[in-house]
Every structure is written in C-alpha cells, then in structure tokens.
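**Student:** quick one, what's the 3D model for this:
(one chain, ligands or ions: 1)
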Amino acid sequence: PRAWTLVARPQGTPRQSDFALVDQPATPLEDGQVRVANRWLSVDPYMRGRMNDVKSYVPPFKLDAPMEGGAVGEVIESRAEGIEPGQWVLHMLGWRDEAVGPAAAFTPLPDLGAPPQAFLGQLGMPGMTAYFGLLAVAEAKPGDTVFVSAAAGAVGSTVVQVAKAKGMTVIGSAGGAEKVEWVRSLGADAVIDYKAGSIVKALGEAAPEGIDVYFDNVGGDHLDAALAHARPRARFAICGMIDVYNDAKPTQLKYLARLIGNRVTMRGFIVSDHMGRAAEFHRDMGAMLADGKLRSEETVHDGLEAMPDAFLGLFSGGNRGKMLVRV
Ligand code: NDP
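**Tutor:** Got it, this is the predicted structure:
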C-alpha cells in the first residue's frame, strides 16, 4: 500500500515538493480491526489549515506520516464483528489506497440510493455544511434573498439548490463564464462572475433590495460586498474564507461597520457542531435528491498519484461541484 505524507509545511500556496507518495508496510490485522480498499478520496480546503503547525479545531498533520481526510472504500478483510468484506464505508483515513483501523473508525454508508462517493460530497461533510450552515446557522427562511460565494463548489452548489428547494431567492458567485452558466442551471436567480468586475456593483444589481443571508465561503472582497448590501437584521453564516488560506495578507473590510447600524448577526460555525443531526439531514436531503431537486456534480481526478494536483486545484478553481480522487 501507498500513502501521501507531508514532508514540509507549505509557505503560501503548497507545492508538489511539500508532498511525497511513500510505500507503507503491509500490516496484518489485529483483533477488532478492518482493512478497507479506498475507492474515493476527498480533497477539501480545510486540509490547507492542517498543513500549518498552528492550534485549530483539528490538529495539524504530522510531518512524514500519512495524511488524513475523507474517504469511501470497500472492506476487503475484517477481524471485527458485524463488519464484513464487501461492505462500503466512510472514514477519515484518506490520502492512501488502503486503510487499516478499528471497526469504530469506519461508518457503513446509509442506503439512500446514491452512489458511494456522494457521501464525500452532497450527502456528506460538504452537504451537511451547506444544509446546516444555511438552515440552522443563517436561519434562512422561504422568501429570503440568499447570497452564496464559491457557488460552483461542493458546499456552494448545494447551498444554491437547498435554498431554491426551500423557496428562497438565490444569488451565487463563481469564477468564469462557464461556472456562472452552470450555477444558473442549478436554479440560481442571478450569478456573479467575480473575476469579471466589481462584486459590490454586481451584487447591487442582482439584489437591489439587499440580501437577508450571506453564506460565506470566500471572505475578502466577497464578505465586504455582502456587508455593503446587507439588509437590516441580515444573517451571515461564516463558513469559510478560502481567499486567505494561502496567504497572510490582512483583508480590508471597507463595509465592516455596517454590522452595527443594521444589527447584522454573523456566526462562525464548524460542520461537526451539527453531526448529531445526521439522520435528519439524510432524511431531508435524501428526499430532495429522490424528487430530482438536487444535482450533485463531481470533478474527478484518477489515481492516488493525483491527490496533490486535485487538492491544489481547489485554490485555482479547478473543480465544479465536489473535487474527488478515484483510486
Ligand atoms: P469548493 O468545492 O468550493 O472548492 C473551492 C472553490 O473555491 C474553487 O473551486 C474556487 O472556485 C473557489 N476559490 C478558490 N480560491 C478562491 C478565491 N481566492 N476567491 C474566490 N473563490 C475562490 O470547496 P468546498 O465546497 O469543500 O469548501 C468551500 C468553503 O467552505 C471553503 O472555504 C471551506 O473551507 C469551507 N468549509 C467549511 C466547513 C465548516 O465546517 N465551517 C466545512 C466544509 C467546508 P472559483 O472557480 O469559483 O473561484
């Protein structure tokens, strides 16, 4: 088996030389352990944070040890009760082709009639982020005007569709004409190409009455533009700020003071705050999926070798929908 390790902590945008694909010793199973052949590996923006040696809500990756991340695979050997070869499971021992661990580290995939990799995207962590960020954190309601950035990504494209399915007006933003067109095809009422001009101006045109909810995936100019057009008592769900993950330059927030006059509530959140509600999430999302109200798109790289390329693509917009690696 082989696994990607982090050999150097990246400065700025990670480079290929920060990663190494190394052979792992074949380990016999101990009692209670399971061996899984990984079929799908996830790359996610939060992994950039784990590459820094700083205290955060997830510990940093250790140098020269296999990296971790979401993965879906098939059990190929089991010395644990209740888990049999052939079973498909979700787990966090990604960035490698084979995972070995205690049975408790592997969660059988719920049967929602969806393909297994959906549990790394719309029916998994990014989907839960979108769903609870929108409905629980931002408390978005039918009739609200919702603005979401990185709307062609895994989280953002789900926010667009859940918001539409729940009767909201949705404005998305994405980079480039092709992504803009795709987000529109998902049902967004208006889509901004943030690479084509001023976001503040475009958002003002798309939402002349202002916005009730901002779902932030980007930070920086997007957050500032959302502040410029926030209606009184707007709710901001601060989900991510990918604009700053690779740099340390301070962002200028020209409209920050509007938080005050408009009594805007902004809440940071971590998807794991909502994990206890997974059953509710699967019930509601599974029904929307079955009703044809959700489309889940994937950008797929092939082979374990492609992990760093796929990961780096997140920062240059190389994905539409969920970025995945097929092993
Ligand atoms: P995406 O699938 O959205 O991939 C990242 C996308 O971000 C790219 O495709 C690119 O699209 C866009 N992007 C990259 N750099 C910039 C930039 N400088 N300015 C504007 N857009 C940029 O990733 P996810 O859906 O997995 O994650 C989206 C956000 O949600 C991230 O910020 C992530 O950290 C956050 N998140 C937070 C969680 C939480 O618990 N709080 C859980 C999961 C995710 P484009 O071509 O349009 O630029």
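
**Student:** rounded mean pLDDT for stretch 64-75, please.
**Tutor:** Across stretch 64-75, pLDDT averages out at 98.

**Student:** now do stretch 296-305, average pLDDT.
**Tutor:** For stretch 296-305, mean pLDDT rounds to 96.

**Student:** close to the ligand, is it?
**Tutor:** No: Stretch 296-305 does not reach the ligand (C-beta under 6 Å from any ligand atom); its nearest approach is 8.3 Å. The C-beta positions use only the backbone N, C-alpha and C, and glycine is treated the same way.

**Student:** again with stretch 105-119
**Tutor:** No: counting by C-beta under 6 Å from any ligand atom, the ligand has no neighbours in stretch 105-119; the shortest distance is 13.8 Å.

**Student:** quick check: end-to-end length of that stretch?
**Tutor:** 15 Å (C-alpha to C-alpha, to the nearest Å).

**Student:** which SSE is residue 307 in?
**Tutor:** Using DSSP states H and E, residue 307 sits in helix 307-313.

**Student:** which residues sit against that helix?
**Tutor:** 4, 13-14, 16, 18-19, 21, 41, 43, 47, 95, 299, 301, 318-319, 323-325 (C-beta atoms under 8 Å, 6 or more residues apart in numbering).

**Student:** what of stretch 98-108?
**Tutor:** Contacts of stretch 98-108 (C-beta under 8 Å, 6+ apart): 1, 24, 27, 29, 32-38, 71, 73, 75, 78, 80-83, 87-93.

**Student:** what comes up buried for that stretch?
**Tutor:** Within stretch 98-108, the residues that count as buried by 16 or more other C-beta atoms under 10 Å are 98, 99, 100, 101, 103, 106.

**Student:** pull the most distant pair out of those residues.
**Tutor:** Put simply, by C-beta to C-beta the two of the buried residues of stretch 98-108 set farthest apart are 98 and 103, 15.9 Å from each other.

**Student:** low-confidence ranges, the stretch 101-250 of the chain, go.
**Tutor:** 248-250 (pLDDT under 70).

**Student:** tell me where it has strands.
**Tutor:** 107-108, 145-148, 169-174, 190-193, 211-216, 230-238 (DSSP state E, counting those that start in this stretch).

**Student:** buried ones among the contacts of stretch 98-108?
**Tutor:** Counted by 16+ other C-beta under 10 Å, the contacts of stretch 98-108 give 1, 33-36, 38, 71, 73, 75, 78, 80, 83, 87-93 as buried.

**Student:** nearest approach to residue 247 belongs to which of the strands of the stretch 101-250 of the chain?
**Tutor:** So among the strands of the stretch 101-250 of the chain, strand 211-216 is nearest, using C-beta to C-beta, at 17.3 Å.

**Student:** run me through the strand neighbours of that closest one, direction for each.
**Tutor:** Taking DSSP bridges as the criterion, strand 211-216 forms sheet pairs with strand 145-148 (parallel), strand 230-238 (parallel).

**Student:** just say which of those is most tucked in.
**Tutor:** With neighbours defined as mean count of other C-beta atoms under 10 Å, the strands paired with strand 211-216 peak in mean count at strand 145-148, which reaches a mean of 30.
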